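Q: sharing a model that was predicted from the sequence below.
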Amino acid sequence: GKGLGGDGATCIARVDDAGRTFAVGFDDGRVEVYDRRAPARTPTSIFADQTDFVSGLEVANSGRELLASSGDGTLALFDLRKRSLAARSEDDADDEMLCVRSMKGGKKVVCGHQSGVLSIFSWGYWNDCSDRFPGHPGSVDAMAKVDEDTLLTGSSDGLIRIVSVQPNKAIGIVGEHLADNPIERLCLEPENRRVALSVSHDNVVKLWHVGELLEDDGDEDEGG
């Protein structure tokens, strides 16, 4: 492995809760897994099964598996115990895959695309997505899971939206950064899943309260 020193790392994910093991994606499509307890700063596993930048990583099944989205349009599933590629979706180089999140208690995997579509995979069926949720006018660059049914999405138009997954529904707009400043990163405050943090090309970090939108949507569902 080439190590971590300035080698085009694009994303990182903590594999275990203690942070002893972590995975790093690179701009050439590699994914490397590191263990802080290892004596040398060399990866314990290297995967080279995607041909363009790794845009997102998501740990699944209590750290036994790792999902990786890529600019080559593929979603890969790695078996971390066997240190091997378990599955990969078909190439779709015309529509870069920019982020990935596991939903529905691990039964579904949602990916954001350059085209503005959310593709939804059913666990175990990796060749192609089982559902598509269009609607974003720009690319879906970042996602954060509010709960097992609800996502925040960050788009290239600078807007942060909240959406329901299966049923696929746009709930509302949380807020925005300066016009046409893509949302680079989204996350939720760990202790309070109703507070979100966003980072954009405008070099501003913003905090958002999403609880009211969720409560309003729940009231509509009960009333409808």
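A: Structure received. Numbers count the residues shown, from 1 in each chain.

Q: where do the domain boundaries of this protein fall?
A: Taking automatic domain parsing as the domain assignment, the ranges for the chain are 1-134, 150-224.

Q: chain center to the last one: distance?
A: Yep, that's domain 150-224 we're talking about. Averaged C-alpha coordinates place domain 150-224 at 14 Å from its chain's average position (Cα atoms, centre = their mean, to the nearest Å).

Q: the first one now?
A: Centre-to-centre, domain 1-134 and its host chain are 9 Å apart (Cα atoms, centre = their mean).

Q: now do the contacts for Asp131.
A: Ser119, Ile120, Gln166, Asn168 (Cβ atoms under 8 Å, 6 or more residues apart in numbering). (Glycine included, C-beta is placed from N, CA and C.)

Q: rerun at 6 Å
A: Ile120 (Cβ atoms under 6 Å, 6 or more residues apart in numbering).

Q: then stretch 51-59 to PDB, C-alphas only?
A: Output in PDB follows, covering the C-alpha atoms of stretch 51-59 (Å, rounded to 0.1, in the frame of the first residue of the first chain):
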ATOM      1  CA  THR A  51     -11.900   2.100 -11.400                       C
ATOM      2  CA  ASP A  52     -12.600   5.700 -10.300                       C
ATOM      3  CA  PHE A  53     -12.600   7.700  -7.100                       C
ATOM      4  CA  VAL A  54     -14.300   6.200  -4.000                       C
ATOM      5  CA  SER A  55     -17.000   8.700  -3.100                       C
ATOM      6  CA  GLY A  56     -18.500   7.100   0.000                       C
ATOM      7  CA  LEU A  57     -18.000   4.300   2.500                       C
ATOM      8  CA  GLU A  58     -20.600   2.700   4.800                       C
ATOM      9  CA  VAL A  59     -19.900   0.000   7.300                       C
END
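
Q: what sits up against it?
A: For stretch 51-59, contacts defined as Cβ under 6 Å, 6+ apart pick out 10-11, 13, 15, 23, 25, 27, 29, 31, 66-72, 98-100, 102.

Q: who does Phe78 form a beta bridge with?
A: Leu66, Leu85 (DSSP bridges).

Q: I'd assumed Arg64 was in contact with it.
A: No - applying Cβ atoms under 6 Å, one finds Phe78 not in contact with Arg64, separated by 9.9 Å.

Q: hang on, the earlier thing: from the contacts of stretch 51-59, which land in strands?
A: Secondary structure assignment by DSSP state E places 10-11, 13, 23, 25, 31, 66-70, 98-100, 102 of the contacts of stretch 51-59 in strands.

Q: any of those residues buried? List them.
A: 10-11, 13, 23, 25, 31, 66-70, 98-100, 102 (16 or more other Cβ atoms under 10 Å).

Q: which single one of the residues you listed is nearest to Gly158?
A: Taking Cβ to Cβ as the measure, Leu98 is the one of those closest to Gly158, at 15.3 Å.

Q: quick one: contacts for that closest one?
A: Contacts of Leu98 (Cβ under 6 Å, 6+ apart): Ser55, Gly112, Asp141.

Q: and the nearest residue to the second one once chain neighbours are set aside, how many neighbours?
A: With Cβ to Cβ, 6 or more residues apart in numbering as the criterion, Gly112 has its nearest non-adjacent residue at 3.0 Å, and that residue is Val140. A count of neighbours around Val140, defined by other Cβ atoms under 10 Å, yields 29.
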